[in-house]
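Engineer: pasting the sequence and the predicted coordinates here, then a few questions.
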Amino acid sequence: MRGSSSSSDAGEEEDFYIQCDAPNCNEWHEGSTLSPPITPLLASTYETWHCPSCIPYHGPSKVKSPTSTRQGLRKKRRIEYIKLNDPAALLQSESNNIGVAANDVQEIDFRAKLELRRKKGMFRQGGAGCCIQVSSGKNEFTTTHVDQHGFNQPVLFTSQLPYQIGLKVPGKDGTAPFSFDTVAKLVGPYRKTQVIDTATQLTTEYTLQEWVDYLNTPEKERTRILNVITLEYSQTPLGRLVTEPQFAREVDFVNQCWPKTMDDLQRIVDHCDDSNNNNKTKKKTLSDNGHDNDNGGDDNSSKTSEEEEEDLADLLKELQEEIPRVSKYCLMSAAGSYTDFHVDFGGTAVWYHVYFGQKIFYFIEPTPKNLKIYSEWATNGTAASGGGGGGSKKSSNANAFLPDLITSAGGDVFEVYLKKGQTMFIPSGWIHAVFTPKDSLVFGGNFVHRHSLEMQLTIFRLEKKMRVGKDYKFPFYQKLMWYVAWDFLKQRDDLMVQIQDKDVKNVMGREQQVIQLISGKYPNHVLLGYKALAKELESWSRSKQKTNTDQFPEHMDVAKVAIQLGELLTKCVAHIGVNPKKEKTKLKQDKKEAKIKLGKKRQNSQISQKKPVITPIKSSSSPPANKICKVEGCSQYKRSKCDGYCATHYREQLSLQSGGDGIDYHAIPPPGRGCKVDGCNKYKKSKCDGYCLMCFRASCLKTPRRPSSKRVG
């Protein structure tokens, strides 16, 4: 039976139910609860109907053939499939954070861009000074290690097996091989996913079966290079085969702080209720109707325990639907695909495991200067430009390559290679791009944690400033932060109860002991992060913007939570004796000193790798002793701004200092091509008697002109 109406009393509308036609499902669904709602008239138009959970695996519902209907009702929905050979067709009509016009679509060869800058030595190879490489078999990257040393740099596990870091991935036990086709079967061949075109960095939609068909096409026959990086699979059969690394599970705020039971909600209500005698939830709409007490208002202003439980059950169901699901992503990339520089939403940290294939990461440290350049570049702004000007500068830098802007401002871009079986953790806020040399399958995920709260809030404010669209933000980020604050206060309350059980009668003494215990439990950088969160929450609680108020938990007194968290963290920070401003200044100085030491060490190691072998150049006419090259046996003139060397030997010195790569960063004319004026380091110009243009003009001014003879005819 396709549909069924339940019997009801006269005068009431009948409830309509519809049954799913997918094999092994056959479940009944109430028509009014579906989106869009299903009515008996609408149900009669379907030949086969599939419920929302079956659509990814069995395809969309099929509508009956319109041949039996009247001619005037024959309206077919026109489906225009995206043709990827036309880049302009990739443009979406949806709102995004920047907006692109059809005439602004440009195809860029990112492989050539990266290769050119690699040859110029713009990227620091091997991740030196950027990435912490762990090669031992033990799992040293634990919460205890991060509490002591922090999590401010990418961590690369070069030789660890997945189980050694608590990561579980499929197909590693000698069973059937795991491929792109397997992903489509487990997630659903009709599941739609976003596909990024590498040349234009624009997106379109594919079903997974269409995407797998593309990947199974030989590389030489692919007309476009495409990439999938947003396939979330936690609620599919594939989600049961993959388990996040141990560290990500232990520190993830979604796992630790998001309410999951009725007891969690009830405790929040009890804590935030202004009345100590009544621990029941009250809605504002009911409290505003207190003037109706004479007409039975008592029934509306209070609820029974059963009604309270029903409200909490409904609220828990809502929260289970809203829970951010960002911890499991599957990335399937074609060879040559490239994801341009970005920061993961909400400043989240990332775990990244290369199942097969290869990846190349390009990292930029999230310093305030680099983040400013990035934000202006991402919004087509005048990155690193000094001020005014407006339109012309903005349009000239709209297509700039971010590494060029970063290095010209004195920053570094790090290049890190990931091979098959390797895993990486990326900390919050790091700007990165990813290039794929060969077809790759990657399992990864995002997580918010307590070790980088300040950076996460910085990225949140940056996204707001850049006007990033809702679809590209961390889902329910602000609501999660309210539950993080409550979880911290809950720990305070638990410690108060434990101390009270030990017969400590002095209330002030109990509070001091709680502050000591909390200050000893968390490292300084975590307490400073929670203090920054408390300051941000106070700002949100006073805000009247809809974007902020919509994410206030309905059952929580947000103002009370923000004030209590701020007071508690102020006492904790005062107890540990840390000045946040001085701490930040010290960290900046330490980073600067470490960078200088690393640069000197790198330069010395490169020079020591290749000993200078300088061949003296002999000339028939020896220059004076004060103008001769300082290389012993050389009889050439020394050049200005060459540290006492002639041009040839100065070029050799530069080549040795640059690591022997043969790249000339300061162009000096070779012998025979320079200006003949002693001390000039410019090229000679043709038809200038061996001078450069400037020296030739000077010689012309010194030489008196001869009177020209004119013939009179």
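Structural biologist: Sure thing, it's come through. Numbering: from 1, shown residues only.

Engineer: what residues of stretch 683-695 count as buried?
Structural biologist: Of all the residues in stretch 683-695, those buried under the rule 16 or more other C-beta atoms under 10 Å are Lys684, Cys688, Tyr691, Cys692, Cys695. Every C-beta, even on glycine, is put in place using the N, C-alpha and C of the backbone.

Engineer: in TSV, list those along with distance to Leu167 and secondary structure.
Structural biologist: Shown next, in TSV, are the buried residues of stretch 683-695 (distance: C-beta to C-beta, whole Å; DSSP: H, G, I helix; E, B strand; the rest coil):
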residue	distance to Leu167	secondary structure
Lys684	64	coil
Cys688	68	coil
Tyr691	68	coil
Cys692	63	coil
Cys695	67	helix
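
Engineer: gap between the two ends of stretch 553-564?
Structural biologist: 16 Å (C-alpha to C-alpha, to the nearest Å).

Engineer: should've said stretch 44-63
Structural biologist: Rule used - C-alpha to C-alpha; the end-to-end distance of stretch 44-63 is 9 Å.

Engineer: what residues of it count as buried?
Structural biologist: Tyr46, Trp49, His50, Cys51, Cys54, Ile55, Pro56, Tyr57, His58, Gly59, Ser61.

Engineer: who's in contact with the second one?
Structural biologist: Contacts of Trp49 were listed using C-beta atoms under 8 Å, 6 or more residues apart in numbering, and they are Arg2, Ile18, Gln19, Cys20, Asp21, Ile38, Ala43, Ser61.

Engineer: of those residues, grab the buried ones for PyMOL.
Structural biologist: Buried subset of the contacts of Trp49, written as a PyMOL selection, criterion 16+ other C-beta under 10 Å:
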select buried, resi 18+19+20+21+38+43+61
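
Engineer: tell me which element Leu42 is part of?
Structural biologist: helix 40-43 (DSSP states H and E).

Engineer: can I get the CA coordinates of that helix in CSV?
Structural biologist: Taking C-alpha atoms only, helix 40-43 is exported to CSV below (Å, rounded to 0.1, in the frame of the first residue of the first chain):
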residue,chain,number,x,y,z
PRO,A,40,-2.3,12.1,-0.5
LEU,A,41,-2.5,14.1,-3.8
LEU,A,42,1.3,14.4,-4.0
ALA,A,43,1.9,10.7,-3.1
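
Engineer: for the helix or strand following that helix, packing partners?
Structural biologist: Using DSSP H and E, the next helix or strand after helix 40-43 towards the C-terminus is strand 46-48. For strand 46-48, the packing partners by 3 or more C-beta pairs under 8 Å, 6 or more residues apart in numbering; DSSP states H and E come out as strand 62-63.

Engineer: the strand it packs on pairs with which strands, and in what direction?
Structural biologist: strand 46-48 (antiparallel) (DSSP bridges).

Engineer: ok, then the element right after the partner strand?
Structural biologist: helix 55-58.

Engineer: thinking again about what came up before, which among the buried residues of stretch 683-695 gets closest to Phe425?
Structural biologist: Cys692 (54.8 Å; C-beta to C-beta).

Engineer: so the closest one versus Cys680, what's the distance?
Structural biologist: 6 Å (C-beta to C-beta, to the nearest Å).

Engineer: so for these two, which residues contact both of them?
Structural biologist: Counting by C-beta under 8 Å, 6+ apart, nothing touches both Cys692 and Cys680.

Engineer: so Phe247 sits against Thr143, correct?
Structural biologist: Yes: the pair Phe247 / Thr143 is scored as a contact, 6.5 Å apart, by C-beta atoms under 8 Å.

Engineer: which residue of the two possesses the greater neighbour count?
Structural biologist: Legend: neighbour count by other C-beta atoms under 10 Å for Phe247 and Thr143, higher for Phe247 (24 against 15).

Engineer: flag the shaky bits of the stretch 151-300 of the chain, pLDDT-wise.
Structural biologist: 172-176, 272-300 (pLDDT under 70).

Engineer: Leu441: what secondary structure?
Structural biologist: Under DSSP: H, G, I helix; E, B strand; the rest coil, Leu441 falls in the strand class.

Engineer: report the beta-bridge partners for it.
Structural biologist: Met332, Phe356.

Engineer: likewise Ile431?
Structural biologist: Beta-bridge partners, per DSSP bridges, of Ile431: Ile364.

Engineer: residues contacting it?
Structural biologist: Taking C-beta under 8 Å, 6+ apart as the criterion, Ile431 is in contact with Phe341, His342, Val343, Phe363, Ile364, Glu365, Pro366, Asn370, Leu371, Tyr374, Leu402.

Engineer: widest-spaced pair of these?
Structural biologist: The widest separation within the contacts of Ile431 (C-beta to C-beta) is 14.8 Å, between His342 and Glu365.

Engineer: which one of those two has more residues nearby?
Structural biologist: Glu365 (22 against 14).

Engineer: surely that one is in contact with Trp430?
Structural biologist: Yes: applying C-beta under 8 Å as the test, Glu365 and Trp430 come out as touching, 6.8 Å apart.

Engineer: can you give me the buried ones in stretch 107-117?
Structural biologist: Phe110, Leu114, Arg117.

Engineer: now the residues you listed in TSV, with pLDDT and secondary structure?
Structural biologist: Shown next, in TSV, are the buried residues of stretch 107-117 (pLDDT from 0 to 100; DSSP: H, G, I helix; E, B strand; the rest coil):
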residue	pLDDT	secondary structure
Phe110	88	helix
Leu114	91	helix
Arg117	89	helix
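
Engineer: which one among these gets closest to Val558?
Structural biologist: Phe110 (44.6 Å).

Engineer: that closest one is in contact with Phe435, isn't it?
Structural biologist: Yes: contact status for Phe110 versus Phe435: in contact at 7.1 Å, counting by C-beta under 8 Å.

Engineer: so what sits against both of these two?
Structural biologist: Common neighbours of Phe110 and Phe435, using C-beta under 8 Å, 6+ apart, are Tyr338.

Engineer: for the nearest residue to Leu215 once chain neighbours are set aside, what are its contacts?
Structural biologist: Leaving out its chain neighbours, the residue that sits closest to Leu215 by C-beta to C-beta, 6 or more residues apart in numbering is Phe180, at 5.0 Å. Counting by C-beta under 8 Å, 6+ apart, Phe180 touches Trp211, Val212, Leu215, Asn216, Met332, Leu441.

Engineer: related to what we said a few turns ago, now tabulate the buried residues of stretch 683-695 in CSV and tack on pLDDT and distance to Asp487.
Structural biologist: Below are those laid out as CSV (pLDDT from 0 to 100; distance: C-beta to C-beta, whole Å):
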residue, pLDDT, distance to Asp487
Lys684, 86, 74
Cys688, 88, 77
Tyr691, 88, 77
Cys692, 87, 71
Cys695, 86, 75
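
Engineer: how about these in JSON lines, adding distance to Val187?
Structural biologist: Putting those into JSON lines (distance: C-beta to C-beta, whole Å) gives the following:
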{"residue": "Lys684", "distance to Val187": "67"}
{"residue": "Cys688", "distance to Val187": "71"}
{"residue": "Tyr691", "distance to Val187": "72"}
{"residue": "Cys692", "distance to Val187": "67"}
{"residue": "Cys695", "distance to Val187": "71"}
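
Engineer: and which of those is nearest Lys464?
Structural biologist: For the buried residues of stretch 683-695, the nearest to Lys464 is Cys692 (54.3 Å; C-beta to C-beta).
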